[in-house]
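Participant: structure, please.
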Amino acid sequence: MSVNPMAYEAQFFGFTPQTCMLRIYIAFQDYLFEVMLVVESVILKKLDGIPGCKISPSQIRKSTEKFLLFMKGHFDKLFSKMEEVLLQLVLNIPENVLLPEDKVHEQYSYSKEQFQALQDETRQLQEQYRAEASAGQALLAELEEQKAVQAELEKILQWFDGLENSCREHGTGNFKESLVFLTQNSKKLQEVLKDVEEKSKKIKKHDQL
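Facilitator: Numbers count the residues shown, from 1 in each chain. Okay, here's the model as predicted:
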């Protein structure tokens, strides 16, 4: 059997030529075996009709097997030549023939160097796409952070608006003046608390004495 894979022929026929030849070989071989069995049975019947025949069925079987081996050897030689002819002239697609589904390759043919260049370009585009996708994810994360900061700023602005409205309700129209007033009062309150703490410490020391 041929060792050439003949993949293009398999694409066209739907089976490999070697598989076809193998099936033909098996079919011929099976037919040869069947013929030899028929011949053997005919010989045995003829011998039964001859009185005083000393040839036993086992001898007939040995002769049949020898003849079968002889026939099979000649058949293998003939089949080898037949296989060579069929694979070269019948089941072979010439190199200059292009199947209809492969016509596009003729229109857009590339050399090995061009194909390698296309692969390199494809690889670069894939890397660029991954880098851009990663950058896009980083931008989305930054946008989420900005949204969170903006939400906090809006809360602070709402708090200042509420504070300003509260100042207006209590007769203080200028928010800046109110803020300065609150800051000064806070400092004074801290000084008073500090003074109270110092006096409390002195009283405790006096009580201990």
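Participant: and C53, which of the three is it?
Facilitator: The three-state label given to C53 by DSSP: H, G, I helix; E, B strand; the rest coil is coil.
Participant: I'd like to know how many residues surround it.
Facilitator: Counted by other C-beta atoms under 10 Å, the residues lying close to C53 total 10. Backbone N, C-alpha and C define where each C-beta goes, glycine included.
Participant: check contacts around it.
Facilitator: C53 makes contact with L47, according to C-beta atoms under 8 Å, 6 or more residues apart in numbering.
Participant: how far away is it from L47?
Facilitator: According to C-beta to C-beta, to the nearest Å, C53 and L47 sit 5 Å apart.
Participant: report the distance from the lengthiest helix in the chain to the chain centre.
Facilitator: In the chain, taking DSSP state H as the definition, the longest helix is helix 112-169. In terms of C-alpha atoms, centre = their mean, to the nearest Å, the centre of helix 112-169 is set 31 Å apart from its chain centre.
Participant: how about stretch 54-67?
Facilitator: Centroid separation for stretch 54-67 versus its chain: 63 Å, with C-alpha atoms, centre = their mean.
Participant: can you list the buried residues in that stretch?
Facilitator: Within stretch 54-67, the residues that count as buried by 16 or more other C-beta atoms under 10 Å are I60, T64.
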